[in-house]
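structure of the sequence below:
(one chain, ligands or ions: 1)
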Amino acid sequence: MELLGIDIGGSGIKASVVDTATGEWVSERHRIETPQPAKYEAIMETLSQIADHFQWKGPVGCGFPGVIQGQQIQTAANLHKSLIGKELGKDLADIFGQPAYLINDADAAGVAEMRFGAGQDKTGVMLFLTIGTGIGSALFTDGKLVENTEFGHMIMEYHDGKFGKAEHYAADSVRKKKDLSWSDWTGRFNQFLEAIHFITRPSEIIVGGGLAKRGDKIEDYLKSPCPLHFATLKNRAGITGAALMAEKNL
Ligand code: BGC
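Reported below is the predicted structural model:
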């Protein structure tokens, strides 16, 4: 089946038509910069432009970087506070005039990696992490998703003995902002892996997001407590997974 997948991110809002049987994209990807500040009205305007571009007649799936419950946005850590409480799932259906389904962006990307990428046919507890502006997570038991785990918001001990959120310490945006060397940043990431492994005990970890493309930079410093793979769908996972989840839930 073909569905329109959308991925709302901190820097871009991206969409493509996805063939959910193969995971292939059957249209060009369309990307529009995320408006700054990313207020709700501005995001809705961008989504309207995406609707105009595709003129899509069929179900729509959309990933969003925050907790989604009952198709409502509950948190928006790296976007604007005005998004919290908004019924984006319902508003998407209005904008596109089509059935629409909203899901957390990391959950969407994890679903796609489990179906078509590094997690194919893997059973037991699998942990997918997306490392970019923030840290997103998706936890699977025998292929079934536990939604909205938000492990990037876990409080952990930093190397200087202070405590804070994992994503404020080990997201890729922190590496860029603080201009950390790859070895320093990977040291932080190793600490996060240790902490999250202690709590969730996955048999394997899959790492996606912007960082999946930089595996060569960190592999010499990486110390994972269990087998770790880089995501193979790279930046295609979010859009593809949003389409897969829409197909499953609509
Ligand atoms: C958000 C998550 C999201 C992650 C990656 C975090 O700040 O709270 O919902 O999955 O960033 O975008």
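
ok, the residue nearest to the spatial centre of the chain - contacts?
In the chain, the C-alpha nearest the mean C-alpha coordinate belongs to A106, at 2.7 Å (Cα atoms, centre = their mean). The neighbourhood of A106, defined by Cβ atoms under 8 Å, 6 or more residues apart in numbering, consists of P65, F128, L129, T130, G136, S137, A138. For glycine as for every other residue, the C-beta is placed from the backbone atoms N, C-alpha and C.

farthest-apart pair in the residues you listed, please.
P65 and F128 (14.6 Å; Cβ to Cβ).

ok, those two, which is more surrounded?
Relative neighbour count places F128 above the other of P65 and F128, with 33 against 27, counting by other Cβ atoms under 10 Å.

the residue nearest to the more buried one when sequence neighbours are not counted: neighbour count?
Here the nearest residue to F128 in space, its sequence neighbours aside, is G110; by Cβ to Cβ, 6 or more residues apart in numbering that works out to 3.5 Å. If you count neighbours by other Cβ under 10 Å, G110 ends up with 32.

and the helix or strand containing Q49, how far out from the chain middle?
Taking DSSP states H and E as the definition, Q49 sits inside helix 40-54. Using Cα atoms, centre = their mean, to the nearest Å, the mean C-alpha position of helix 40-54 is found 20 Å from that of the whole chain.

how about the strands in this structure?
Remark: strands assigned in the chain by DSSP state E are 2-8, 12-19, 30-33, 60-64, 68-69, 72-73, 100-104, 125-131, 135-141, 144-146, 155-157, 163-165, 204-208, 228-230.
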